[in-house]
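Asks: coordinates for the following, if possible.
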Amino acid sequence: MVPAHLTRSILARCKAHGVTVSNTVFVLCSFAWIRLVSSRLANPRTTEAEKRHWRQISDETLPIMMYTAVNLRPYMDAMPPPPESYVFLTLGYLNVILPGFLPRLANQSMADKKKVLHSIFWLRAKCVREQSQKTLSGPFFASRNRIMGQERAIRAKAWAVLDDRADEDERRVKAGLAPLPLAPPSSVSKPSPPPTPSAPKHPSAALIGVSIWPSIDSIYKASNFPAIHLDQLVTQTRKNTGGMLIMGFTLRDKISITFGWDANCFPEGVMEEFWEGFEKGMEEFLVGEEEKFVLERGLEVGLQRRESARL
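Replies: Here you go, the predicted structure:
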């Protein structure tokens, strides 16, 4: 969490540059990732095989793509038809594209380097704002997300059947019952035609998801619950294999940011270094090095603790 006095400073600085905190978080993520890759490639302890791997997944000639969730309620009809279920999310998604490199400033003074990097940072933050505004005002945004939602629903229902069957098989094993018969194939699979040669496709995987909400103090009013002291709110969500997600909001005059990732898909120390770079970026660009910046640590839930938790 960011202390209250620094939160006010960050909000004022973003407002002065015509952007939001959410816009800057995308840039902070891209800067942290670029610097992480550069440090790994420059580290003499990194093997040649590891360097080839880092170059493959982080080609600086290609841009960095990130995504964020969008509330689709403003795009809905005034009187929508009754839903199949009252448990649903009206969320859509949009992508943000930023350059995958930082300029090399070897022959410039430290003061000139800082000036250039600050200019690039705020320029890219404005680019995030413009991309988001252009996408949200596009004529196909709502219909495109409706189709994407239908596709996600089909996949979710298919996975739910598999999950239910796995739970039932486990229950039957514990009860000493015979396993369920194998489900018949849904259709006869046809041999796929031989692939036709085509131009190589550019990678389309997103680096990270970013979801920064505005202040939720208008939703949670502490005066309505005088007997309860809300210290912090920890968010969590499902992530795809190898996924990373940053979620944040302002609560009780403090910016709170949660970083989660798939711990099974990253070598030890990589995500810790990424987060350290993110924190240093906040100090460098949002807070200012003249301020004493200390990011207050909140709840940190490890893999084993999360698996054993029953909330």
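Asks: just the strands in this protein please.
Replies: According to DSSP state E, the chain carries its strands in the segments 64-71, 91-98, 209-215, 244-251, 254-261.
Asks: show me the shaky parts of the chain.
Replies: Flagging of the chain using pLDDT under 70 yields the residue ranges 78-88, 183-203, 236-240, 290-311.
Asks: at 50 what do you get?
Replies: Low-confidence segments of the chain, defined by pLDDT under 50: 187-189, 303-311.
Asks: out of the strands of the chain, which is closest to residue 161?
Replies: Closest approach to residue 161 among the strands of the chain (C-beta to C-beta): strand 91-98, 23.0 Å. C-beta: built from backbone N, CA, C; applies to glycine.
Asks: residues in contact with the closest residue to residue 273 other than its chain neighbours?
Replies: Excluding its sequence neighbours, the residue lying closest to residue 273 (C-beta to C-beta, 6 or more residues apart in numbering) is residue 36, at 5.6 Å. Contact partners of residue 36, counting by C-beta atoms under 8 Å, 6 or more residues apart in numbering, are 270, 273-274, 277.
Asks: please indicate which of those are buried?
Replies: 274, 277 (16 or more other C-beta atoms under 10 Å).
Asks: now render the contacts of residue 36 as a markdown table, adding distance to residue 212.
Replies: Below are the contacts of residue 36 laid out as a markdown table (distance: C-beta to C-beta, whole Å):
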| residue | distance to residue 212 |
| --- | --- |
| 270 | 23 |
| 273 | 22 |
| 274 | 17 |
| 277 | 18 |
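Asks: ok, so of the contacts of residue 36, who is nearest residue 141?
Replies: residue 274 (30.2 Å).
Asks: pretty sure the closest one sits against residue 31.
Replies: No: contact criterion C-beta atoms under 8 Å: residue 274 and residue 31 do not qualify, at 10.6 Å.
Asks: joint contacts of the two?
Replies: With contacts defined as C-beta under 8 Å, 6+ apart, no residue is shared by residue 274 and residue 31.
Asks: so what's residue 37 up against?
Replies: For residue 37, the contacting residues are 54, 58, 60, by C-beta under 8 Å, 6+ apart.
Asks: which of these are buried?
Replies: 54, 58.
Asks: may I see the contacts of residue 37 organised as CSV, with distance to residue 165 added?
Replies: Output for these, formatted as CSV (distance: C-beta to C-beta, whole Å):
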residue, distance to residue 165
54, 40
58, 39
60, 45
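Asks: which one of the contacts of residue 37 is nearest to residue 104?
Replies: residue 60 (10.5 Å).
Asks: I'd like the strands of the chain written out as TSV, with distance to residue 137 and mean neighbour count added.
Replies: Listed next are those as TSV, based on distance: least, C-beta to C-beta, whole Å; neighbours: other C-beta atoms under 10 Å:
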stretch	distance to residue 137	mean neighbour count
strand 64-71	12	18
strand 91-98	11	18
strand 209-215	19	18
strand 244-251	24	21
strand 254-261	27	20
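Asks: mind putting these in CSV, distance to residue 126 included?
Replies: Converted to CSV, the strands of the chain look like this (distance: least, C-beta to C-beta, whole Å):
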stretch, distance to residue 126
strand 64-71, 16
strand 91-98, 11
strand 209-215, 16
strand 244-251, 20
strand 254-261, 20
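Asks: for residue 19, find the nearest of the ones you listed.
Replies: Within those, the stretch nearest residue 19 is strand 209-215; the backing value is 11.8 Å (C-beta to C-beta).
Asks: do you know which of the strands of the chain lies nearest residue 173?
Replies: Of those, nearest to residue 173 by C-beta to C-beta is strand 254-261, at 32.2 Å.
Asks: tell me the angle of that closest one relative to strand 209-215?
Replies: Here the directions of strand 254-261 and strand 209-215 differ by 160 degrees (axes from the mean of the first three to the mean of the last three C-alpha atoms, to 10 degrees).
Asks: any idea how far strand 254-261 is from the chain center?
Replies: 10 Å (C-alpha atoms, centre = their mean, to the nearest Å).
Asks: show me the helices in the protein, by range?
Replies: 4-16, 21-42, 48-57, 110-136, 141-174, 270-281, 303-308 (DSSP state H).
Asks: and the residue nearest the centre of the chain, how far is that from residue 14?
Replies: Against the mean C-alpha coordinate of the chain, by C-alpha atoms, centre = their mean, the closest residue is residue 209 at 1.8 Å. Using C-beta to C-beta, to the nearest Å, residue 209 is found at 21 Å from residue 14.
Asks: over to residue 63?
Replies: For residue 63, the distance to residue 14 - C-beta to C-beta - is 23 Å.
Asks: between these two, which one's more packed in?
Replies: Shown here are residue 63 and residue 14; by other C-beta atoms under 10 Å, residue 14 has more neighbours (18 against 14).
Asks: I'd say that one and residue 25 touch.
Replies: No: if you go by C-beta under 8 Å, residue 14 and residue 25 don't touch, sitting 10.3 Å apart.
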